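K.L.:
next come a sequence and a model predicted from it.
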Amino acid sequence: MTTLLLKNARLKDDQELQDIWVEDGWIRKIGKELKEPGERVIECEGRVVLPGLIEGHIHPDKAFLEERKPNVSGTLEEAIKNTGELKREYTYEDVYERAEKVLNWAISKGTTVMRAHPDVDHIEKLLGVEVLLDLKKKYKDKIDLQIVVFPQEGILKSDGTLERMEEGIQMGADVVGGCPYNEKTLADSHAHLEIVFDLAEKHGLPLDLHVDFADHTEDPRYMLTERICDMTIERSMQGRVTLGHVTTLGSIHPEEASALFTKIAEAGITIMPLPATDVYLNGRNDEKNVRRGMAPVLHMLEHGVNVAFASNNIRNAFTPFGNANLLLIGYLLAETQFMGSADQQRSVLDMITYNAAKCLGIEETYGIAEGKKADLVVFDTKKLSDVIQDQPIANFVIKAGIVIVEQSITKIVE
Ligand SMILES: [Zn+2]
């Protein structure tokens with residue numbers, strides 16, 4: 001039996017400090033001045049304790065490529081093209097080393113759950129899946145990893161991709177990915193959607209698609225959200241579909257998009273903005289009043305849509321920034337989506353905790369409550385509404401009741 005006691009944790013801004021007692025990896029008791037025995041006792045002194053952060057969408061296989069081939073035009077097209085060329089040179093060791101660095105950075109920032117999207121196509125084949133499956137085993141006590149088979153190069157225009165996605169699932173991948181905009185015609189984008197929905201249904205897996213990643217509505221290959229809502233409802237996949245980017249929604253007037261927001265909520269679809277990439281690649285043809293190029297977070301939340309957000313890329317042609325720190329991405333989202341009030345800043349934290357847990361299908365065991373898994377982070381700040389703007393370090397990261405990261409408390413030396 002292993003036990004851990006956290007004293008005086010700030011769990012809510014409008015509630016007294018609480019103690020959390022953990023036994024064998026699970027939260028057994030929460031309350032004031034608990035007397036339960038703790039082999040390890042952490043005095044939080046009023047610091048914020050959150051459930052482990054969830055990186056719901058990231059590409060560890062293509063991280064740290066920014067210096068090999070920079071994206072000169074800054075467009076999505078060039079990002080896909082440059083990365084496609086670099087993929088030809090990948091070796092197992094190269095991908096492993098870069099992906100492992102992403103995992104280590106994420107864990108040190110308080111992330112305990114991650115959904116990774118390795119490319120599966122005629123170039124990278126199943127190398128990214130293979131590496132991530134190996135890392136999933138190696139890091140099983142530090143981070144829960146879900147692996148998506150992601151057809152970055154399209155399915156109809158990339159030979160053998162569907163077969164490789166099938167194989168990736170047989171190897172142990174957890175989620176079916178998709179990238180329907182990366183097909184030659186609208187008919188092919190529609191066929192791409194049929195294929196990934198069929199694959200998800202056949203294997204009983206959730207779907208996580210990259211869609212509608214544009215800043216205008218002119219190309220119908222980037223206007224697929226409504227169709228996906230219909231397909232989700234028809235196939236009874238409510239609650240099991242996630243859409244990443246969906247930035248096109250930001251270029252539709254909110255009144256016009258209102259019915260669609262309601263439909264997204266009805267279909268139980270999670271929308272996953274990827275701010276660091278969305279802001280960087282979109283708006284490239286605007287010479288003035290440059291668009292922010294993001295899905296409209298506040299309007300979607302008002303309509304009851306489950307919204308999460310994630311890092312997407314770490315230092316490559318899609319996003320030359322990033323350190324796998326979800327709080328940093330949260331700051332970018334809060335600023336660009338006008339989410340400045342204390343309540344709104346707290347809701348930004350919900351997106352990388354509870355909302356993301358819903359998206360990843362782990363909400364039953366996730367969170368800070370008795371009977372939940374003890375994945376916890378102690379942040380070096382005293383109010384939840386300050387977490388995004390303080391950008392605190394994670395003093396303690398706790399995975400299944402075990403302290404896996406310890407970083408000293410900030411102190412100015414006298
Ligand atoms: Zn992505």
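P.N.:
Received the coordinates, thanks. Since the structure is predicted, the reported quantities are computational estimates derived from the model, not experimental observations.
K.L.:
a helix runs through residue 229, doesn't it?
P.N.:
Yes - under DSSP: H, G, I helix; E, B strand; the rest coil, residue 229 falls within a helix.
K.L.:
was I right about it contacting residue 271?
P.N.:
No - between residue 229 and residue 271 there is no contact under C-beta atoms under 8 Å: 11.1 Å. C-betas here are computed from N, CA, C, even on glycine.
K.L.:
so these two - more neighbours on which side?
P.N.:
Neighbour totals were compared for residue 229 and residue 271, and residue 271 leads with 28 against 22 (other C-beta atoms under 10 Å).
K.L.:
residue contacts, that one?
P.N.:
Contact partners of residue 271, counting by C-beta atoms under 8 Å, 6 or more residues apart in numbering, are 242-243, 246, 249, 264, 295, 300, 305-308.
K.L.:
helices - which of these land there?
P.N.:
Those of those mapping onto helices are 264, 300, per DSSP state H.
K.L.:
against residue 75, how distant is residue 59?
P.N.:
Distance of residue 59 to residue 75, computed by C-beta to C-beta, to the nearest Å: 18 Å.
K.L.:
please tell me how far residue 297 sits from residue 10.
P.N.:
Using C-beta to C-beta, one gets 25 Å for the distance from residue 297 to residue 10.
K.L.:
typo on my end, residue 204
P.N.:
Computed with C-beta to C-beta, the distance linking residue 204 and residue 10 is 40 Å.
K.L.:
and residue 246, by the same measure?
P.N.:
The separation that residue 246 has from residue 10, given C-beta to C-beta, amounts to 33 Å.
K.L.:
more neighbours: these two, which one.
P.N.:
For residue 246 versus residue 10, neighbours defined as other C-beta under 10 Å are more numerous around residue 246 (29 against 23).
K.L.:
need the contact list for that one.
P.N.:
Residues in contact with residue 246 (C-beta under 8 Å, 6+ apart) are 211-213, 225, 271-273, 295.
K.L.:
and the contacts of residue 271, which is closest to residue 50?
P.N.:
Relative to residue 50, the closest of the contacts of residue 271 is residue 308; by C-beta to C-beta it sits at 14.5 Å.
K.L.:
tell me where the stretch 251-400 of the chain has helices.
P.N.:
Remark: helices assigned in the stretch 251-400 of the chain by DSSP state H, counting those that start in this stretch are 254-266, 275-281, 297-302, 326-336, 342-351, 354-360, 387-390.
K.L.:
same for the longest one, what does it pack against?
P.N.:
Helix 254-266 is packed against helix 225-234, helix 297-302, with contacts defined by 3 or more C-beta pairs under 8 Å, 6 or more residues apart in numbering; DSSP states H and E.
K.L.:
tell me the secondary structure of residue 7, please.
P.N.:
Assigned by three-state DSSP, the conformation of residue 7 is strand.
K.L.:
circling back: settle it for me: which of residue 59 and residue 75 has more neighbours?
P.N.:
Between residue 59 and residue 75, counted using other C-beta under 10 Å, residue 59 has the larger neighbour count: 25 against 15.
K.L.:
contacts only, for residue 319.
P.N.:
For residue 319, the set of contacting residues under the criterion of C-beta under 8 Å, 6+ apart consists of 276-277, 280-281, 312-313.
K.L.:
if we can go back for a sec, the helices and strands packed on helix 254-266 into CSV, with extra columns for mean pLDDT?
P.N.:
Putting the helices and strands packed on helix 254-266 into CSV (pLDDT from 0 to 100) gives the following:
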stretch, mean pLDDT
helix 225-234, 98
helix 297-302, 98
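K.L.:
of all those helices, which one is nearest residue 151?
P.N.:
It's helix 225-234; of the helices and strands packed on helix 254-266, that one is closest to residue 151 (C-beta to C-beta) at 15.6 Å.
K.L.:
tally of neighbours for the residue lying closest to residue 291 once chain neighbours are set aside?
P.N.:
Once its chain neighbours are removed from consideration, residue 291 has its nearest residue in residue 283; the separation is 4.0 Å (C-beta to C-beta, 6 or more residues apart in numbering). Residues contacting residue 283 under the criterion other C-beta under 10 Å number 17.
K.L.:
and residue 283, how far from residue 17?
P.N.:
Counting by C-beta to C-beta, the separation of residue 283 from residue 17 is 44 Å.
K.L.:
the residue nearest to residue 186 when sequence neighbours are not counted and residue 282, how far apart?
P.N.:
Taking C-beta to C-beta, 6+ apart, and ignoring the residues beside it in sequence, residue 186 has residue 220 as its nearest neighbour in space, at 5.0 Å. Using C-beta to C-beta, one obtains 18 Å as the distance from residue 220 to residue 282.
K.L.:
on the three-state scheme, the residue nearest the centre of the chain is what?
P.N.:
To find the centre residue of the chain, average its C-alpha atoms and take the closest one (C-alpha atoms, centre = their mean): that gives residue 56, at 2.1 Å. Applying three-state DSSP to residue 56 yields a three-state assignment of strand.
K.L.:
for it, give me its contacts.
P.N.:
With the criterion set at C-beta under 8 Å, 6+ apart, residue 56 makes contact with 114-115, 242, 272, 308-310, 352, 356, 359-360.
K.L.:
apply 6 Å and report the result again.
P.N.:
When the contact criterion is C-beta atoms under 6 Å, 6 or more residues apart in numbering, the partners of residue 56 are 115, 272, 308, 310, 356, 359.
K.L.:
just the residues you listed now: which is nearest residue 375?
P.N.:
Lowest distance from residue 375 to these (C-beta to C-beta) belongs to residue 356, with 12.4 Å.
K.L.:
can you tell me the closest non-neighbouring residue to residue 10?
P.N.:
The shortest distance from residue 10 to any residue other than its chain neighbours is 4.7 Å, reached at residue 48 (C-beta to C-beta, 6+ apart).
K.L.:
give me the pLDDT for that neighbour.
P.N.:
The predicted local distance difference test score for residue 48 is 98.
K.L.:
quickly note the distance from the residue nearest to residue 186 to residue 114.
P.N.:
When C-beta to C-beta is the yardstick, residue 220 and residue 114 sit 33 Å from each other.
K.L.:
more neighbours, those two?
P.N.:
Comparing residue 220 with residue 114 by other C-beta under 10 Å, the one with more neighbours is residue 114, at 29 against 13.
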